[in-house]
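Peer 1: need a 3D model of the sequence below.
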Amino acid sequence: MKSHEIDYKIMGNGIQLVEIELDPMETVIAEAGAMMYMESGIDYETKMGDGSNPSQGFFDKLLSAGSRMIAGESVFITHFTNRALGKKHVAFTSPYPGTIIPINLAYTGSVIAQKDAFLCAALGTKLSITFNRRLGAGLFGGEGFILERLDGDGMAFLHSCGAVVERYLNNEELRIDTGCIVAFEPQIDYNIQLASNLKTAMFGGEGLFLATLRGTGRVWLQNMPIRKLIQALQPNSPNSNKENQSLLNNLFEH
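Peer 2: Numbers count the residues shown, from 1 in each chain. Take a look at the predicted model:
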């Protein structure tokens, strides 16, 4: 299904929102609870599926919803459709301070993102989960085993914690704090490696492991992983060292 062509405007600095402009009968899909405001004439409906495949049966929708539940995401996606005669606007905001990243899937085709990064997208965008092929990356990376894949040819919006850096790798390797990855193009190889030596790992403050992104393509990084934000706000919280709360990731935390 060809994605709807939506216009948008990102507003704010430290805590951003994205305002989507919908022509009549255009639709945007969003994570449950992300809507900030909408104008009259916009109808919204919660559905079990992203709507990218209109012929998708109930069983397929159930499988898709189950995979989102395993990933720690909401089972339902909210669809916002302009039923009025003129242009209307609906706005979405992220659940914590940070930056909204617009990605035109017409140029990338697909993007791999951390499992809680999706905010909203044009109808026609397919949302699915993907499992990291590398055991080490799954066990020790801030992204965990489960990542989210977005496919389509329209606009999609991700949210990050803090500021965002977009890098283009030209057959290069980048080593990163495991929680600082927001998204990367699918041709990029993602893995985890040990810190250079035990002393550095124990006392350097960077942790035992670093993420590596290798190849040619774009990557998006955040400067304030949610783990560090929790540690700063609640240093003694039992959740201060946790970054993944999905059902599958919890199996490896106990």
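Peer 1: let's verify residue 107: helix, strand, or coil?
Peer 2: helix (DSSP: H, G, I helix; E, B strand; the rest coil).
Peer 1: look at it and report its pLDDT.
Peer 2: With respect to pLDDT, residue 107 scores 91.
Peer 1: also residue 156?
Peer 2: 97.
Peer 1: what of residue 213?
Peer 2: 92.
Peer 1: list the contacts of it.
Peer 2: 169, 173, 174, 176, 181, 184, 188, 189, 190, 219 (CB atoms under 8 Å, 6 or more residues apart in numbering). Where you see a C-beta, it was placed from the backbone N, CA and C, and this is true even at glycine.
Peer 1: go again with 6 Å.
Peer 2: Residues in contact with residue 213, defined by CB atoms under 6 Å, 6 or more residues apart in numbering, are 174, 184, 188, 190, 219.
Peer 1: can you give me the helices for this protein?
Peer 2: For the chain, the helices defined by DSSP state H occupy 58-70, 105-108, 135-140, 198-203, 226-233, 247-250.
Peer 1: pass me the low-pLDDT residue ranges in the stretch 51-200 of the chain, would you?
Peer 2: Scanning the stretch 51-200 of the chain with the threshold set as pLDDT under 70 gives 53-75, 132-145, 194-200.
Peer 1: show me the strands in it, by range?
Peer 2: With DSSP state E, counting those that start in this stretch as the criterion, the stretch 51-200 of the chain has strands at 77-82, 88-93, 100-104, 110-114, 118-122, 126-131, 146-151, 155-159, 164-176, 181-184, 189-194.
Peer 1: list the pairing partners of the fourth one within its sheet, with orientation.
Peer 2: So the one you mean is strand 110-114. With DSSP bridges as the test, strand 110-114 is paired with strand 146-151 (antiparallel), strand 181-184 (antiparallel).
Peer 1: for the contacts of residue 213, which one is nearest residue 147?
Peer 2: residue 190 (8.2 Å; CB to CB).
Peer 1: near the closest residue in space to residue 163 that isn't next to it in sequence, how many other residues are there?
Peer 2: Nearest non-adjacent residue to residue 163, counting by CB to CB, 6 or more residues apart in numbering: residue 223, 4.9 Å away. Neighbour count for residue 223, taken as other CB atoms under 10 Å: 15.
Peer 1: fine by me, we can end here.
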